[in-house]
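Visitor: can you look at this prediction? I've put the sequence above it.
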Amino acid sequence: MNTRLRFLASGLAAALVLSGCTQTAAPGPRLASDAQIETAQSAPVVDETAIAMRWNERLAPFTIIDNVHFVGTHGLGVFLITTPDGHVLIDGALAQSVPQILDNIRALGFDPSDIKYLLNTHAHYDHAAGLAGLQRASGAVMIASAADKPYLEAGRIDHGPTQDAMFPPVRVDRVVGDGDTVALGGAMLTAHLTPGHSPGCTSWSMAAKDSKGLPRSVFLHCSASLGGQSLVPEAYPGMIANYRATFAKVRGMQADVFLANHDIFFDLHAKRARQLAGDRDAFVDALELQRFNTEMEQGFQEALAEQQAAKR
Ligand SMILES: [Zn+2]
């Protein structure tokens with residue numbers, strides 16, 4: 001082949017590849033610069049709550065059940081769902097947690113560049129600040145609810161005690177509504193809008209199999225704690241109604257494996273200790289979702305009554 005023909009042939013090949021790219025995904029530019037992501041990643045963790053709750057302390061990664069893996073920190077849940085066609089990662093923890101999340105994924109034998117979808121429970125910085133760095137590392141499509149998307153793309157939430165906590169903004173490529181699904185390599189995750197804790201708080205469910213091959217439903221709860229947010233007056237309009245609707249909705253749900261984005265909400269370390277001691281299904285507890293919902297609802301009612309009384 002002469003030079004001119006080779007040039008034409010390679011040009012044609014390039015054009016084919018480009019058209020293939022635009023058809024499968026057309027991600028816009030990243031919203032955070034490399035410098036912004038790297039500065040946030042290397043900033044010291046100074047937040048008192050973050051330090052007390054061990055939000056950025058390393059925890060060795062492990063498999064929770066089936067293809068669901070824990071790749072987060074001591075205090076923050078980050079979940080990897082692996083499939084033969086690529087992986088799904090839920091939540092980003094702190095910006096400073098990104099290097100350890102990537103290390104954790106590799107330690108389990110997976111490649112961060114195989115992450116196809118990034119999901120989020122809610123746009124508070126302790127679950128969202130690492131997303132921009134993870135999107136940069138993986139090139140994954142970011143999926144979130146319509147109500148929390150503006151906060152993710154602004155790099156801050158506009159109400160509550162964390163409203164001054166800026167984080168690298170992350171581009172949201174796809175918006176999910178209640179009941180929408182994300183399918184990949186035989187796995188299917190369903191979005192459940194459970195607003196209250198944030199306006200677009202999104203829980204995720206999926207099917208898995210336990211060590212005996214029995215089908216088990218997995219439910220990752222977005223959160224229903226107050227997180228120091230005011231109910232009277234509401235931190236955002238419609239907050240009280242949101243919480244009430246979420247408590248009622250979750251009351252009608254069942255899950256065999258309950259997961260949350262903070263260690264304390266699902267007794268992570270005790271279960272992991274039982275797993276290490278030989279209980280391969282240590283994360284199976286069919287009553288835990290309802291216990292959590294009842295506990296959170298009681299806490300909400302008490303806080304609401306107290307705050308209403310204080311205003312009288
Ligand atoms: Zn939160």
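Guide: Done, it's in. Numbering: from 1, shown residues only.

Visitor: just checking, residue 86 touches residue 184?
Guide: Yes - in this structure, residue 86 is within contact of residue 184 by C-beta atoms under 8 Å, at 6.0 Å. For glycine as for every other residue, the C-beta is placed from the backbone atoms N, C-alpha and C.

Visitor: how about the nearest residue to residue 201 once chain neighbours are set aside, what does it touch?
Guide: Residue nearest to residue 201 in three dimensions, not counting chain neighbours: residue 222, with 3.9 Å by C-beta to C-beta, 6 or more residues apart in numbering. Counting by C-beta atoms under 8 Å, 6 or more residues apart in numbering, residue 222 makes contact with 121-122, 194, 197-198, 201-203, 261.

Visitor: tell me the gap between stretch 46-59 and the middle of its chain.
Guide: Distance of stretch 46-59 from the chain centroid (C-alpha atoms, centre = their mean, to the nearest Å) equals 18 Å.

Visitor: what about the helices in this structure?
Guide: When assigned using DSSP state H, the helices of the chain occupy the ranges 3-24, 34-42, 48-52, 98-107, 125-128, 131-138, 149-154, 239-251, 268-276, 288-311.

Visitor: let's have these in TSV, adding distance to residue 218 and mean pLDDT.
Guide: Formatted as TSV, the helices of the chain follow (distance: least, C-beta to C-beta, whole Å; pLDDT from 0 to 100):
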stretch	distance to residue 218	mean pLDDT
helix 3-24	28	37
helix 34-42	30	97
helix 48-52	27	96
helix 98-107	19	98
helix 125-128	18	98
helix 131-138	21	98
helix 149-154	24	98
helix 239-251	15	98
helix 268-276	13	98
helix 288-311	10	97
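
Visitor: show me what contacts residue 191?
Guide: Per C-beta under 8 Å, 6+ apart, neighbours of residue 191: 145, 176-182, 202-204.

Visitor: just the buried residues from the residues you listed, in ChimeraX please.
Guide: Buried residues among the contacts of residue 191 (16 or more other C-beta atoms under 10 Å), as a ChimeraX selection:
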select :145,176,180,182,202,203,204
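
Visitor: shouldn't residue 265 be in contact with residue 224?
Guide: No - when contacts are counted by C-beta under 8 Å, residue 265 is not listed as touching residue 224 (9.2 Å).

Visitor: residue nearest the centroid of the chain?
Guide: residue 91 (2.4 Å; C-alpha atoms, centre = their mean).

Visitor: is it true that that residue touches residue 78?
Guide: Yes - under the criterion of C-beta under 8 Å, residue 91 makes contact with residue 78 at 5.0 Å.

Visitor: who touches both of those two?
Guide: Shared contacts of residue 91 and residue 78, counting by C-beta under 8 Å, 6+ apart, come down to 72, 130.

Visitor: need the residues of the stretch 1-150 of the chain near the ion, please.
Guide: residue 124 (C-beta under 5 Å from the ion).

Visitor: residue contacts, the residue in the stretch 1-150 of the chain positioned nearest to the ion?
Guide: Proximity to the ion, evaluated over the stretch 1-150 of the chain using C-beta to the ion, is greatest for residue 124 at 3.4 Å. Taking C-beta under 8 Å, 6+ apart, we find residue 124 in contact with 157, 162, 165, 198, 227.

Visitor: how about the contacts made by residue 260?
Guide: Applying C-beta under 8 Å, 6+ apart, the residues contacting residue 260 are 77, 220-221, 223, 266, 292.

Visitor: return the set of residues that bridge with it.
Guide: Beta-bridge partners for residue 260, by DSSP bridges, are residue 221.

Visitor: residue 172 contacts residue 143, doesn't it?
Guide: Yes - the criterion here is C-beta under 8 Å, and residue 172 meets it with residue 143 at 7.3 Å.

Visitor: and those two? which has more neighbours close in?
Guide: residue 172 (26 against 23; other C-beta atoms under 10 Å).

Visitor: list phi and psi for the more buried one.
Guide: phi -100, psi 120 (degrees, to the nearest 10).

Visitor: picking that back up, are any of the contacts of residue 124 buried, and which?
Guide: By 16+ other C-beta under 10 Å, the contacts of residue 124 give 157, 162, 165, 198, 227 as buried.

Visitor: so for the last one, what's the nearest residue that isn't a sequence neighbour?
Guide: Going back to what we said before, that points to residue 227. What sits nearest to residue 227 in space, not counting adjacent residues and going by C-beta to C-beta, 6+ apart, is residue 197, at 6.1 Å.
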